[in-house]
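K.L.:
sharing a model prediction with you, sequence too.
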Amino acid sequence: MEKQIRVAVAGANGRMGQEVVTMLGQDEQLVYTGALDTRGDDEAIRASLEEMKPDVLVDFTTPNSVYRHLEICLQHGIRPVVGTTGLSQDELQEMTKRFGEAELGCIVAPNFAIGAILCMKFAAMAAKYMPHVEIIELHHDRKLDAPSGTALKTAEMIAAVREEIKQGHPEEKETIPGARGAEYEGFRIHSVRLPGMVAHQEVLFGATGQTLSIRHDSINRESFMPGVNMAIKAVMNMNGFLYGLEHLID
């Protein structure tokens with residue numbers, strides 16, 4: 001058997017965290033060392049990590065907590081796998097620099113569902129040829145950030161290859177502010193928050209005489225676990241910061 005990987009979980013009592021703990025128990029290579037008590041101060045968190053001695057910390061907490069956890073991981077040589085969204089671009093850039101200098105693996109992914117990653121990659125492929133695009137993301141009503149990290153990552157990948165055009169009628173007017181959604185690089189992102197949903201995204205493209213829809217739906221949180229498992233194993237062989245699981249998929 002391959003060398004075992006010791007894994008602690010921040011946010012283990014949450015809905016995603018519970019799925020992670022279950023997944024860890026189903027893989028003989030992964031050893032669950034325990035839940036990180038994120039309610040304590042920095043010293044309590046450090047003491048907890050020193051006791052558990054994990055190789056990897058999986059973080060599904062809140063935007064207010066995750067940055068602090070990344071800093072503590074840097075100090076203790078622990079490799080984070082982060083599914084918490086809401087980190088700012090400045091924070092991501094700072095952590096890219098610091099984990100690179102430390103030569104310590106870290107993966108931050110807006111989405112761990114393999115289908116969602118493929119949705120992003122397909123959208124980037126389509127945007128080269130159909131630059132008129134809008135993104136609609138739909139999540140449960142307890143999600144804190146909007147738009148979702150998945151939608152932002154998708155938008156970044158589209159903007160990197162998309163022809164720079166301004167969409168819509170040049171004289172369009174919102175009779176209710178926000179009706180057209182948030183603007184990103186000339187196209188729109190729409191966020192829906194409703195009970196009963198998990199995580200869903202549709203990328204809509206329009207061209208003369210045709211439309212294209214690329215959609216992904218996570219029916220339950222178990223859908224994210226193959227990606228989390230893959231990230232835990234991949235981060236052990238990394239020496240820097242990685243943003244987005246698409247980099248692990250050919």
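P.N.:
Structure's in. What do you need?

K.L.:
wait, doesn't Thr211 sit right on Glu134?
P.N.:
No - the pair Thr211 / Glu134 is not scored as a contact, 10.8 Å apart, by CB atoms under 8 Å. Using the backbone N, CA and C atoms, a C-beta is placed for each residue, glycine as well.

K.L.:
pull up the overlap in contacts between the two.
P.N.:
Leu204 (CB atoms under 8 Å, 6 or more residues apart in numbering).

K.L.:
so these two - more neighbours on which side?
P.N.:
Glu134 (17 against 10; other CB atoms under 10 Å).

K.L.:
so the more buried one sits in a strand?
P.N.:
Yes - counting by DSSP: H, G, I helix; E, B strand; the rest coil, Glu134 is found in a strand.

K.L.:
I'd say it and Ile189 touch.
P.N.:
Yes - under the criterion of CB under 8 Å, Glu134 makes contact with Ile189 at 7.5 Å.

K.L.:
what is in contact with the two at once?
P.N.:
By CB under 8 Å, 6+ apart, the residues touching both Glu134 and Ile189 are Gly181.

K.L.:
tell me the secondary structure for the residue nearest to Gln4 when sequence neighbours are not counted?
P.N.:
Of all residues not flanking Gln4 in the chain, Val31 sits nearest, at 5.2 Å (CB to CB, 6 or more residues apart in numbering). Secondary structure, three-state DSSP: Val31 is strand.

K.L.:
what of Pro195?
P.N.:
coil.

K.L.:
for His139, see how far away it is.
P.N.:
According to CB to CB, to the nearest Å, Pro195 and His139 sit 10 Å apart.

K.L.:
those two: which is more packed in?
P.N.:
In this view Pro195 and His139 are compared by other CB under 10 Å, and His139 has more residues nearby, 23 against 7.

K.L.:
unless I'm mixing things up, Gly181 is touching Phe187, no?
P.N.:
No - at 9.2 Å, Gly181 does not count as touching Phe187 under the criterion of CB under 8 Å.

K.L.:
Leu204 and Met130, how far apart?
P.N.:
In terms of CB to CB, Leu204 sits 10 Å off from Met130.

K.L.:
skipping adjacent residues, who's closest to Gln75 in space?
P.N.:
In space, Gln75 is closest to Arg46, 7.6 Å off (CB to CB, 6+ apart).
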